[in-house]
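Enquirer: would you be able to build a 3D model of this:
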Amino acid sequence: MVLNITQMRRVVFRKKATAEGAWTTFVIDKDDLGQDTVASVNVAPRKTSRASQQGTVETPIEGSFDALAGSITFLMDNYKILGQALQKWTASSYTGADPNAGQVLFGEDSSTCGDGGYFSVILQGVCDDGSAADVELTRCIPSLDDDLEFGTSETPEVTLALNPIIYNAARHSADGYPQYTVRFGENNPTKKQRLNTTSGEYADVV
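Expert: Okay, the predicted model is just below:
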């Protein structure tokens, strides 16, 4: 299944330093996303086939995928956003920086060399104020994988690959992140909840 989200309310990156610690969040709001930003999520569970009296039956294999990918494609004027997403909230990275600077730096004194940990990425659609339109990739390590071409179109673009990690209970069950790989829709199916973008936690809508 491939899902392309062409209109988003916001994108929330949330990270935990320790399993018991609070979430640290970085939010890209709709004003920074712009109308031409597209998020793409491809989830295809691997299946096994077996013969039965009803014919061939296909069953998904838990924790395995033929395809698992996610990305966000921005216009080229959003280098600052890409830099912030890639640097994973290293406290010193933007100290004293020009808030309007549009740079991504690689190498010594790099703004993109965070601690190497993964984080959760939540894509929020425009048509719901709770979590019904949310898509969450629970563990991602982002990278810039695309070739950059200047002067070949009116709207040059760059893609942030999210590189989602498959949930593994032996490695991830105690890391403080949700115990699944991808979630579409409600955070809690029994009650309406909304993501608090400051705390990174979902709370009941009252």
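Enquirer: lowest-pLDDT helix or strand in the protein?
Expert: Using mean pLDDT, DSSP states H and E, helix 79-87 stands out as the lowest-scoring helix or strand of the chain, at a mean of 68.
Enquirer: the helices in the protein, which residues?
Expert: 30-33, 79-87, 169-172 (DSSP state H).
Enquirer: chain center to the last one, what's the gap?
Expert: Centroid separation between helix 169-172 and its chain, computed with C-alpha atoms, centre = their mean, to the nearest Å, is 20 Å.
Enquirer: likewise stretch 172-182?
Expert: 14 Å.
Enquirer: show me what counts as buried in that stretch.
Expert: 172, 175, 177, 181-182 (16 or more other C-beta atoms under 10 Å). Using the backbone N, CA and C atoms, a C-beta is placed for each residue, glycine as well.
Enquirer: low-confidence stretches in this structure?
Expert: 76-80, 83-84, 86-116, 145-155 (pLDDT under 70).
Enquirer: the longest strand that it contains packs against which elements?
Expert: Longest strand in the chain by number of residues, with DSSP state E as the criterion: strand 55-75. Applying 3 or more C-beta pairs under 8 Å, 6 or more residues apart in numbering; DSSP states H and E, we find strand 55-75 packed against strand 38-52, strand 157-161.
Enquirer: what's that strand in contact with?
Expert: If you take C-beta atoms under 8 Å, 6 or more residues apart in numbering as the criterion, strand 55-75 is touched by 11, 33-34, 36-51, 81-82, 121, 123, 137, 140, 155-164, 166-168, 181-182.
Enquirer: the same query, at a cut-off of 6 Å, please.
Expert: Applying C-beta atoms under 6 Å, 6 or more residues apart in numbering, the contact partners of strand 55-75 are 34, 36-42, 44-50, 137, 157-162, 164.
Enquirer: of these, buried ones?
Expert: Buried among the contacts of strand 55-75 (16+ other C-beta under 10 Å): 37-42, 45, 137, 157-162, 164.
Enquirer: nearest to residue 204 among the residues you listed?
Expert: residue 137 (23.5 Å; C-beta to C-beta).
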